[in-house]
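**Student:** sequence? don't have it. structure:
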């Protein structure tokens, strides 16, 4: 379907179906086999053809260095799902290592000689991750399981010298169960996984960030309570005995990031907001417990850090208003060395090679999907390891985002990133799409929009990515502003954004759509009830429609962690508030068309959350499109499903936003 023509309305599509069903069938795209559609119109083959070039991006992420060679494993989409590839040297062709119908998550080489690598994958998006071992060069041979079946792997860590792998597992299939669960900490030789030894059983599901000391005798790990509260623990590997080594700062809760041992084992490097609004790089003396802030002058969160194998260099990434800045520090005098000259963008995972010289990282920007780079600490040279394949679309012409701010109902400043289409191509006031991130402990950053560039380039839509209160990156006070009964204050931040949109000369306040996934899906539904007369349409992807039913059905290993953020539904007063404000219980207020998307195997936001909002909105006579994928979980990880969702989303906007 040409976008130069008026979009086909639902009644016209029905008429065409009745008049010439065979012709229409030949001109449409069949949905994937596992997809179930309700009221979603057929996708035009012409539209799919026009969109196709925007669906072929292949972001590449760093996965693992080889321990003895300067080569690496990266992750990139192969056909329908992300898989692992070997890159022998910068710019070398990618050599396919795994080829599964399900996405492969991460990889780690055996740390001594790199004889094999370990990776994880789940099934149908159920997030029951299991670790597998594959020998290097064993083409065609299936990988062998390392961890138990029917238990979810939460975290892994390699010992430095013994070639043992520590892994953390939790029970699964406990949706709707209020039973308490334990995390099991095990250690095994991946070549002989049947000999695994259980180190400890820890209560709850919030344990992670495990790291060995250089002599393999101790472990440091974190206990996650909430985004604002976590603790560091030490464990003796031989006995499994553990002790907590951090406390709250008086009455103020404190958050710690993942920690690593110093090379001499006398201290820890970590990130923490102790005594600060932001997470600072910090050294903890294990003998005294003294905390020394290493980045006191950086008033932004330190998002990532890694210590070189020889203990001499600390690499870390500061999140400066959503943009990543990489710095390297000497541990001897805690002085910064010259900063490498990286492209401006958003940095993913960073990791030192065991040679303590080469630092790997993933980096994306508005005009580039994620690619993999390395920094040479000796020469400060930046080397690009991967480069996206040439495409029919010119990525250098993609629009760059603008950072904007507006004042909310309480005069608090809220920010976001705006991607505007070219005014010369799309003059006048343009429709707006507000895309709200999940979490809520997340952040929209000025990275690559991927297929969403079609919205700006071909449809002339303005896309806004807001960071409402509760987002990370703006200090711990801001992070707490949506907890519990403050939940709807974040929705009011979108109300204030709608006010701001009405003041912008290039934005059409009468044609605004709101979109979000996961917690962003809740926000989408809440905006649809609170500001129904100010939006034109909404797309809810795996969103929460009632916090009571969500908490009762989400997997047991997540439930208590989410209660800290949203409130405890078992408390009568909180339950009453949750029921009163639930979008599912206020769905009579939803008057504008709604598109609901759900993965049937979602362990986080179970499919019933989508079913109940769809059933309720349908009773009102409001148009509802409903798309379910039986082979997906918390979002669509398979390209065929994601493509079809995008086609349908464009149709939805053509029908209800660009009319």
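**Tutor:** Sure thing, it's come through. All values derive from a computational prediction rather than experimental measurement.
**Student:** wait, isn't residue 225 in contact with residue 231?
**Tutor:** Yes. Shown here, residue 225 and residue 231 form a contact pair, counting by C-beta atoms under 8 Å, at 7.5 Å. For glycine as for every other residue, the C-beta is placed from the backbone atoms N, C-alpha and C.
**Student:** who has more neighbours, these two?
**Tutor:** With neighbours defined as other C-beta atoms under 10 Å, residue 225 and residue 231 compare such that residue 231 has more, 19 against 16.
**Student:** and the more buried one, what helix or strand is that in?
**Tutor:** strand 229-236 (DSSP states H and E).
**Student:** by contact count, what packs against that strand?
**Tutor:** strand 218-226, strand 242-244 (3 or more C-beta pairs under 8 Å, 6 or more residues apart in numbering; DSSP states H and E).
**Student:** okay, the ones you listed, which one's buried deepest?
**Tutor:** strand 218-226 (a mean of 21; mean count of other C-beta atoms under 10 Å).
**Student:** for residue 308, give me its contacts.
**Tutor:** Residue 308 makes contact with 314-315, 352, 356, 377 under the criterion C-beta atoms under 8 Å, 6 or more residues apart in numbering.
**Student:** between the residues you listed, which is nearest residue 115?
**Tutor:** Closest approach between the contacts of residue 308 and residue 115, by C-beta to C-beta: residue 352, at 20.9 Å.
**Student:** bridging residues for the closest one?
**Tutor:** residue 359 (DSSP bridges).
**Student:** thought residue 67 was touching residue 112, still the case?
**Tutor:** Yes. Assessed by C-beta under 8 Å, residue 112 is found in contact with residue 67 at 6.4 Å.
**Student:** among those two, which residue is more densely surrounded?
**Tutor:** Applying other C-beta under 10 Å to residue 112 and residue 67 shows that residue 67 carries more neighbours, namely 17 against 14.
**Student:** and the more buried one, helix, strand or coil?
**Tutor:** Assigned state for residue 67: coil (three-state reduction, DSSP: H, G, I helix; E, B strand; the rest coil).
**Student:** do the same with the one 10 residues further on
**Tutor:** In three-state terms, and counting by three-state DSSP, residue 77 is strand.
**Student:** what mean pLDDT does stretch 170-188 have?
**Tutor:** Model confidence over stretch 170-188, given as mean pLDDT, is 85.
**Student:** mind checking the end-to-end distance for that stretch?
**Tutor:** Length of stretch 170-188, first residue to last, C-alpha to C-alpha, to the nearest Å: 17 Å.
**Student:** ok, now stretch 567-574?
**Tutor:** Start to finish, the residues bounding stretch 567-574 are 7 Å apart (C-alpha to C-alpha).
**Student:** what helix or strand is residue 489 on?
**Tutor:** Using DSSP H and E, residue 489 maps to helix 487-502.
**Student:** what's the first helix or strand after that helix?
**Tutor:** Using DSSP H and E, the first helix or strand after helix 487-502 is strand 507-517.
**Student:** what pairs with that following strand, parallel or antiparallel?
**Tutor:** strand 430-436 (parallel), strand 537-541 (parallel).
**Student:** got the buried residues for stretch 298-311?
**Tutor:** Judged by neighbour count using 16 or more other C-beta atoms under 10 Å, the buried positions of stretch 298-311 are 298, 300-309, 311.
**Student:** likewise for stretch 249-259?
**Tutor:** 253-259.
**Student:** residue 397: neighbour count?
**Tutor:** 10.
**Student:** parallel or antiparallel, which strands does the helix or strand encompassing residue 73 pair with?
**Tutor:** Element membership for residue 73 (DSSP H and E) is strand 72-78. Using DSSP bridges, strand 72-78 pairs in its sheet with strand 61-65 (antiparallel), strand 81-87 (antiparallel).
**Student:** ok, which of the ones you listed comes nearest residue 553?
**Tutor:** By C-beta to C-beta (comparing all of these), the closest turns out to be strand 81-87, at 26.9 Å.
**Student:** what angle do the longest helix along the chain and strand 430-436 make?
**Tutor:** Counting residues, the longest helix found in the chain (DSSP state H) is helix 639-656. Inter-element angle recorded for helix 639-656 and strand 430-436: 140 degrees (by axes from the mean of the first three to the mean of the last three C-alpha atoms, to 10 degrees).
**Student:** show me what helix 639-656 is packed against.
**Tutor:** Using 3+ C-beta pairs under 8 Å, 6+ apart, helix 639-656 sits against strand 43-44, helix 45-51, helix 453-457, strand 537-541, strand 594-599, strand 624-629.
**Student:** what would the ones you listed look like in a markdown table with distance to residue 499?
**Tutor:** Compiled in a markdown table, the helices and strands packed on helix 639-656 are given as follows (distance: least, C-beta to C-beta, whole Å):
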| stretch | distance to residue 499 |
| --- | --- |
| strand 43-44 | 36 |
| helix 45-51 | 33 |
| helix 453-457 | 23 |
| strand 537-541 | 18 |
| strand 594-599 | 23 |
| strand 624-629 | 28 |
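**Student:** residue 321: what's it in contact with?
**Tutor:** Per C-beta under 8 Å, 6+ apart, neighbours of residue 321: 300, 403, 415, 473.
**Student:** for residue 224, same thing?
**Tutor:** Taking C-beta under 8 Å, 6+ apart as the test, what residue 224 contacts is 206-208, 230, 561.
**Student:** of these, closest to residue 190?
**Tutor:** residue 208 (19.4 Å).
**Student:** the closest one belongs to a strand?
**Tutor:** Yes. Assessed by three-state DSSP, residue 208 belongs to a strand.
**Student:** number of nearby residues for it?
**Tutor:** By other C-beta under 10 Å, neighbour count at residue 208 equals 17.
**Student:** that one reaches residue 153, doesn't it?
**Tutor:** No. Assessed by C-beta under 8 Å, residue 208 is found out of contact with residue 153, at 10.8 Å.
**Student:** can you list residues touching both of these two?
**Tutor:** With C-beta under 8 Å, 6+ apart, residue 208 and residue 153 have common neighbours residue 168.
**Student:** and the helix or strand containing residue 549, average pLDDT?
**Tutor:** Per DSSP H and E, residue 549 falls inside helix 547-553. Helix 547-553 carries an average pLDDT of 94.
**Student:** what pairs with the closest residue to residue 257 other than its chain neighbours across the strands?
**Tutor:** Using C-beta to C-beta, 6 or more residues apart in numbering and skipping the chain neighbours, the partner closest in space to residue 257 is residue 271 (3.7 Å). With DSSP bridges as the criterion, residue 271 is bridged to residue 281.
**Student:** what's the burial count for residue 571?
**Tutor:** The burial count for residue 571: 12, using other C-beta under 10 Å.
**Student:** thanks a lot, see you next time.
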